[in-house]
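# Provided below are the primary sequence and the corresponding predicted coordinates.
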Amino acid sequence: MEINTPALEVHNLTASYNRKPVLWDIDFQLPQGQLIGIVGPNGSGKTTLLKNIMGLMEPDSGYVNMFGQKLDDVRERVSYVPQRESVDWDFPASVLEVVQMGRYRKNNLFKRLTARDHEIATQSLEKVNMLEYARRQISQLSGGQQQRVFIARSLAQQADLYLMDEPFVGVDAATEESILKLLTEMRQEGKTVIIVHHDLQTAYEYFDWIVLLNTRLVAAGPKDDVFTSNLLQEAYGGRLTVLSRIGDLIAKKDFPLRESDFKEKEGQGDG
Amino acid sequence: MDKLLEFLSFQDPNVRTVTFGTIFLGMSASTVGTFAFLRKRSLVGDAVAHSILPGIAIAFMLFHTKNPFVLMGGALLSGWLAMLLIEHLSKATKLKPDTAIGLVLSVFFGIGILLLTSIQHSGAGNQAGLDQFLFGKAASMTRNDLIAYGIVALILLITVILFFKEFKLLSFNPDFAEASGLPVKRLQFILSTITVLAIAIGIQSVGVVLMAALLITPAATARPWTERLVVMMVLAGIAGGLSGLVGSYISFAAPNMPTGPWIVMCLSFLALFSLFLAPRRGVLARIRQQRQNRRKILSENLLKSFYHLREHNPETLAFSRGEILEKRAFSEVEYKTALRHLRRHFYLIPEGSNWRLSEKGYEEAKRVVRLHRLWEMYLTERMRLKADHIHPNAETMEHIITPEIEEQLLRELGYPETDPHQSPIPYPKH
């Protein structure tokens, strides 16, 4: 399916983690202005995909475009929410300080934040209903509150495309509801939100589009096209045996995933 | 006392140099070390400190001088090399980071000792004093050294202030920094460089072996006292500076005492002090909290026994010690402690040799019983536990449920009349 200026295009992306291939030739395009879930079982490579998209890991082959451009050219339009557990919350900082980190940019290196930055940070905190916790130490927050702080920090970046890694993990029902409400509002403002999500039960309810992943791309499209019993069975029915064996072998032999002249090029066919 | 006054008057220019030098070095190492501590890079700091030795030795062998800038250059290079090597080894081989750190530390340090020994035996004119880099010898600091280290310390401080917010984000969440388009690689390079520099000058006062203490201990000392990074850094700087002052005083007052080890002793003392006495995180605060919990549990249990007795004998109000102990087996000490506490707060009022609940005590007892029975309801309704399994759990939880949680329990359970055992849930009098 071709989409006009996709919010995100992942092209033939192959990536490995600890030298073991975890993503094989992932290729899809996602439209703007939708809530999109990247869904798959545990260990299906969802977080690795997100990190490759955000340039935090180097893919073995393939490339990623956002709004038809390279990430470096559209940094300010893209915002990333890492997994809550990826940081040590016992860090000496307040809630507001963490949200203000969303305003740290290349162009204000070793400058102080402006009044406008402070204004945006405060408003972002208000959007996630955490204003009363602004001065609270982050080490004293509950899981749901930590998640909302991360989302507020991302909102403070005022992006058009948001990529969030498991924002619904370990949050209480009330937080889940308020995050969802916020996401719906963001869609109404024309933002694109891509969410890594492991829970199949809620995925259909939350998202407009779904990317089904299990080390390879099973399907990507509007949720009604993707949520078929066949495709779900394919994604959740275990990994492809041959693929896993090849992956193990590649890790063991330290074998290259691509021959050097095939890194970014289109496959030209045999011969 | 005279010694202390003489020391503090700083009449002796030598004493002045040494003291200001150690204070400077202590402060700059602990300020920069705060980031190493928060990034959980303490061991890397130790490895880098040890790895600086061969750099100093080689710089001396090449240029035959003890000029601080020349030696610092060598130190910087080999410290940097060690840091890169640790990173590369844990990334490119199957070695775990702790192995890589240990390996680099011992190999570099070994080479350093080897070179040092050979310099000493070569009989080069001014080799004397190079071994002082092992354990440090602040006492031999010259005016020129002081100026050199002062300049470096100033550069470190300015760098930290300039990049403060970036270093903060880098320490808290490097992935987010990179995703935001910050030049993370370059920032990391700067942070690593100032860390190596702080170590390179710090070894003058405490030596490579003890350097990790000067880098990390002040941050660890400061951490439990504050939740603000700026304050933490200032406190760490004070701890580092103070230790420098104390260390140089001791070696001044007792001339055969080495400065470096005393600086580290002082730091360790401060760290222990902080470990025990810090509010909330300290050992003492936790012991106090646990004692408070025990007393709360005990006295609320006694209160509850009075309530239960009254529930079963509605016409009696005052009960004897024997009746209470029959209801619940308190030990002698427990009974006395709890009684004293309840009496002091007028929850219990004496009546002859018996005791009865005051109006206030009755309401408080009702609250504890209510929480117990509400929690039992919650366990059966929400967690589907069997009625004969819920009592022990509720027995503890009744003491910790806050008014806010009680409010939520009441709402979720719809203000129930009775608990799963059909005992009435007592509500406060309106």
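The structure has been received and is ready for your questions.
# Mind jotting down where the strands sit in the chain?
No chain was given, so I picked chain A. A:8-17, A:20-30, A:35-39, A:61-66, A:78-81, A:161-165, A:192-197, A:209-214, A:216-222 (DSSP state E).
# To clarify, I was referring to chain B.
B:318-319, B:348-351, B:354-357.
# tell me the pLDDT at residue 244?
Just so you know, I chose chain A. We have a pLDDT of 77 for A:S244.
# hm, I was asking about chain B
Reading off the model, B:G244 has pLDDT 92.
# Mean neighbour count, mean pLDDT and distance to chain A added to the strands of chain B, as a markdown table?
For glycine as for every other residue, the C-beta is placed from the backbone atoms N, C-alpha and C. Output for the strands of chain B, formatted as a markdown table (neighbours: other Cβ atoms under 10 Å in any protein chain shown; pLDDT from 0 to 100; distance: least, Cβ to the nearest Cβ, whole Å):
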| stretch | mean neighbour count | mean pLDDT | distance to chain A |
| --- | --- | --- | --- |
| strand B:318-319 | 20 | 90 | 42 |
| strand B:348-351 | 16 | 91 | 36 |
| strand B:354-357 | 20 | 92 | 37 |
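# Among those strands, which comes closest to B:I250?
strand B:348-351 (57.0 Å; Cβ to Cβ).
# The closest one - contacts with which helices or strands?
Contact here means 3 or more Cβ pairs under 8 Å, 6 or more residues apart in numbering or on different chains; DSSP states H and E; on that basis strand B:348-351 packs against helix B:332-344, strand B:354-357.
# That strand pairs with which strands, and in what direction?
strand B:354-357 (antiparallel) (DSSP bridges).
# near chain B, which residues of chain A show up?
Applying Cβ under 8 Å from any Cβ of the partner chain, one finds that chain A approaches chain B through A:51, A:54-56, A:72, A:75-76, A:78-80, A:82, A:86-88, A:91-94, A:97-98, A:101-102, A:104-106, A:109-110, A:112-113, A:137, A:139, A:153, A:157.
# Show the buried residues in those residues.
A:51, A:54-56, A:75, A:78-80, A:82, A:87, A:91-94, A:97-98, A:101-102, A:104-105, A:113, A:137, A:153, A:157 (16 or more other Cβ atoms under 10 Å in any protein chain shown).
# taking the residues you listed one by one, which sit in helices?
Among those, the members falling in helices are A:K51, A:E97, A:V98, A:R153 (criterion: DSSP state H).
# Quick check: the farthest pair among these?
The span of these, defined through Cβ to Cβ, is set by A:K51 and A:E97 at 24.9 Å.
# How many neighbouring residues does the nearest residue to A:G247 once chain neighbours are set aside have?
Nearest in space to A:G247, with sequence neighbours left out and distances taken as Cβ to Cβ, 6 or more residues apart in numbering or on different chains, is A:P21 at 4.8 Å. A:P21: 24 surrounding residues under other Cβ atoms under 10 Å in any protein chain shown.
# OK, contacts around A:P21?
Residues near A:P21 by Cβ atoms under 8 Å, 6 or more residues apart in numbering or on different chains: A:T14, A:A15, A:D60, A:T215, A:I246, A:G247, A:I250, A:A251, A:L257.
# how about the residues you listed, which pair is most distant?
A:A15 and A:I246, at 14.8 Å, using Cβ to Cβ across those.
# ok, those two, which is more surrounded?
A:A15 (22 against 14).
# What confidence value was assigned to that one?
pLDDT at A:A15 comes out at 93.
# Look through the stretch 301-430 of chain B and state the residue closest to chain A.
B:Q408 (10.6 Å; Cβ to the nearest Cβ).
# What residues sit buried inside the longest helix seen in chain B?
Using DSSP H, we find that the single longest helix of chain B is helix B:184-222. For helix B:184-222, the neighbour count (16+ other Cβ under 10 Å) marks B:184, B:187-188, B:190-222 as buried.
# can you narrow those to ones near chain A?
Within these, nothing lies near chain A by Cβ under 8 Å from any Cβ.
# ok, residue 256 - how many residues close by?
Answering for chain A, as no chain was given. 11.
# I was thinking of chain B, sorry if that wasn't clear
5.
# Can you pull the phi and psi angles for A:D88?
The phi/psi pair for A:D88 (degrees, to the nearest 10) reads phi -90, psi 110.
# gap between the lowest-mean-pLDDT helix or strand in chain A and the chain center?
Least confident helix or strand, chain A: helix A:241-253 with a mean of 80, by mean pLDDT, DSSP states H and E. The chain centre lies 26 Å from the centre of helix A:241-253; the measure is Cα atoms, centre = their mean, to the nearest Å.
# Pull out the buried positions in that helix.
A:G247, A:I250.
# can you dump the C-alpha coordinates of it into PDB?
In PDB, the C-alpha atoms belonging to helix A:241-253 read as follows (Å, rounded to 0.1, in the frame of the first residue of the first chain):
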ATOM      1  CA  THR A 241      11.700 -22.400  13.300                       C
ATOM      2  CA  VAL A 242      14.000 -22.000  10.400                       C
ATOM      3  CA  LEU A 243      14.300 -18.200  11.000                       C
ATOM      4  CA  SER A 244      15.300 -18.800  14.700                       C
ATOM      5  CA  ARG A 245      17.800 -21.400  13.700                       C
ATOM      6  CA  ILE A 246      19.400 -19.200  11.200                       C
ATOM      7  CA  GLY A 247      19.500 -16.400  13.700                       C
ATOM      8  CA  ASP A 248      21.200 -18.500  16.300                       C
ATOM      9  CA  LEU A 249      23.700 -19.700  13.800                       C
ATOM     10  CA  ILE A 250      24.500 -16.100  12.700                       C
ATOM     11  CA  ALA A 251      25.100 -15.100  16.300                       C
ATOM     12  CA  LYS A 252      27.300 -18.100  17.000                       C
ATOM     13  CA  LYS A 253      29.400 -17.800  13.900                       C
END
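# Which strands or helices does it pack on?
Packed next to helix A:241-253, using 3+ Cβ pairs under 8 Å, 6+ apart, are strand A:20-30.
# before we move on, back to that, between strand A:20-30 and the least confident helix or strand of chain A, find me the angle.
130 degrees (axes from the mean of the first three to the mean of the last three Cα atoms, to 10 degrees).
# Tell me, what's the model's pLDDT at residue 92?
Picking chain A for this. 96.
# hm, I was asking about chain B
pLDDT, read off for B:A92, is 83.
# Chain neighbours aside, what residue packs nearest to A:S139?
A:S139 sits nearest to A:D90 (Cβ to Cβ, 6+ apart), 4.8 Å away.
# what residues are up against the residue nearest in space to the middle of chain A?
In chain A, the centroid-proximal residue (Cα atoms, centre = their mean) is A:L163; its distance is 3.6 Å. Contacts of A:L163 were listed using Cβ under 8 Å, 6+ apart, and they are A:L50, A:I53, A:M54, A:V78, A:S79, A:Y80, A:V81, A:I194, A:I195, A:V196.
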